[in-house]
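1. Got a sequence here, can you model it:
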Amino acid sequence: MEARLGIAPIAWSNDDLPELGGDTSLETCLSEAREAGFSGIETGGKFPATSGELRPLLEQHSLALCGGWYSGTILGNEVSAERDRVFGQLELFRDLNAPCLVYGETHGTVQNVRTAPVGSRIRLDDEQIRTYGRCLTKFAEWCAEEGMPISFHHHMGTAIETLNDVDRLMNWTGEAVWLLYDPGHMAFAGGDVIAMIDRHSTRISHVHAKDVRADVLKGLNRNLESFLDAVLKGAFTVPGDGSLDFNAIAAKLADAGYQGWFVVEAEQDPKKAPPSEYAAIGHRALVSALENAGYSIRGD
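-> Below you'll find the model as predicted:
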C-alpha cells in the first residue's frame, strides 16, 4: 500500500478570507511545505496559471502538483459552457501530471459568503440531484477524455454537503465522477466519517486530511453564523490537533484498498496557527497514522 503526502496552500493564504495570510508570499508557502516534509502541493489563488511559470517553481522546491480546487458551476450552467470555463486549468493540471481536478460545486454556494448562515445552503430534491448527476457525469467523462479526471469535493455550504447528499449523488452519477473524501467536512456536516468510506470506497480517488475541533462545531449557531465565521473560530485544524481519529480513518482506507494522495488541508488564522508549525504537526500525525495502517510513504 502506497501513500503520497501533499498539502494545500490555504493554511498560508485563504482566498476567501484575504485577511488570513494575504501578505504571505507563494515562496514562503512552497518552501515551508517542503521543509515540513510534503512532496506535493495543491494550487491556490497565488499560483501561476500556466505550466511554463508554475513548473520551475515546483521543481525548485521538489514538489509535485497534487491537485487543486476548481469552482464548478454545472448545477447552473450548460456542460458545453463549463468545458470552456475549465479548459485552462485542466490544461495546466494535465501538463503538470496532477492526479485530478478537485471539483467543488459553487453554484448557489454560501461557503464564501460571510453574511450567509451555513445552514442556509442550497438543497436539492431527488429529481434535481438526478438531473445534476447526469450533467456532472457528462462533464466528468469529457474531462477524463481530455486527460484529467475530476474528484468531487463534498463541501460545507454547497449543494452536496451531507452523507445523504453524497449517497444520492454517487447513485446518480457514472464512474467518471470520482469522489474526494474529506473527513473534516463530513464531520462538520454531521456525517459518519467511517461510514462514508464503507459506502463509497470504490469511488474515492483523492483524500483531504482535514481535522476538526468538535467544541467549536458544537458551539456554532448554524442559523446565524457562516462557514467563514466557523473558519475564523477555528473549526478546522490539521491531523493530530483535532477531534478525529486518523488512525481509524487511515486503517479503514487501507482496508478499502485506497492508494494515492493524502493532502493536509486546514484553513486557519495563520497568526493563531503558524502554517509551518501546523504543517509539521499534520505531517507527523499523518505519517504515523498511515504507517500504522500499513502504508509505505512515497517521498518523491
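2. Spatially, and excluding backbone neighbours, which residue is closest to V118.
-> F227 (4.6 Å; Cβ to Cβ, 6 or more residues apart in numbering). C-beta: built from backbone N, CA, C; applies to glycine.
3. I should have written A116 there, sorry.
-> Looking at A116 with Cβ to Cβ, 6+ apart, the closest residue is V110, at 3.8 Å.
4. same question, L232
-> Closest residue to L232 apart from its sequence neighbours, by Cβ to Cβ, 6+ apart: D269 at 6.6 Å.
5. mind checking the longest helix of this structure?
-> Secondary structure of the chain per DSSP state H: the longest helix is helix 126-145.
6. buried sites along that helix?
-> Using 16 or more other Cβ atoms under 10 Å as the test for burial, helix 126-145 gives 129-130, 132-133, 135-144.
7. swap in stretch 86-104?
-> 86, 89-93, 95-96, 98-104.
8. from these, which two are the most distant?
-> D95 and G104 (21.7 Å; Cβ to Cβ).
9. how about the strands of this protein, start to end?
-> 2-7, 40-41, 64-65, 69-72, 101-105, 150-153, 177-181, 204-209, 211-212, 236-237, 260-264, 296-298 (DSSP state E).
10. so which of those strands comes closest to R121?
-> Minimum separation from R121 across the strands of the chain (Cβ to Cβ) falls at strand 101-105, 10.7 Å.
11. who touches the closest one?
-> When contacts are defined by Cβ atoms under 8 Å, 6 or more residues apart in numbering, strand 101-105 is touched by residues 42, 67-75, 86, 89-90, 93, 140, 143, 148-153, 155, 158-160, 180, 206.
12. Bridged to the residue lying closest to A64 once chain neighbours are set aside, which residues?
-> Excluding the flanking residues, the one nearest A64 by Cβ to Cβ, 6+ apart is G40, at 4.3 Å. Legend: beta-bridge partners of G40 under DSSP bridges are G6, A64.
13. And G40, what's its pLDDT?
-> For G40, the pLDDT comes out at 98.
14. just to revisit the earlier point, could you count how many residues lie near the residue nearest to V118?
-> 28 (other Cβ atoms under 10 Å).
15. what sits against K46?
-> K46 is in contact with P9, S13, S25, L26, C29, counting by Cβ under 8 Å, 6+ apart.
16. Can you tell me which of these are buried?
-> Looks like these have P9, S13, L26, C29 buried, using 16+ other Cβ under 10 Å.
17. and which of those is nearest K210?
-> When those are ranked by distance to K210 (Cβ to Cβ), P9 comes first, at 14.0 Å.
18. thought that closest one was touching E32?
-> No. In this structure, P9 is not within contact of E32 by Cβ atoms under 8 Å, at 10.0 Å.
19. Give the intersection of the neighbour lists for these two.
-> Common neighbours of P9 and E32 (Cβ under 8 Å, 6+ apart) do not exist.
20. So, low pLDDT: which residues of the stretch 151-300 of the chain?
-> Across the stretch 151-300 of the chain, the ranges flagged by pLDDT under 70 are 300.
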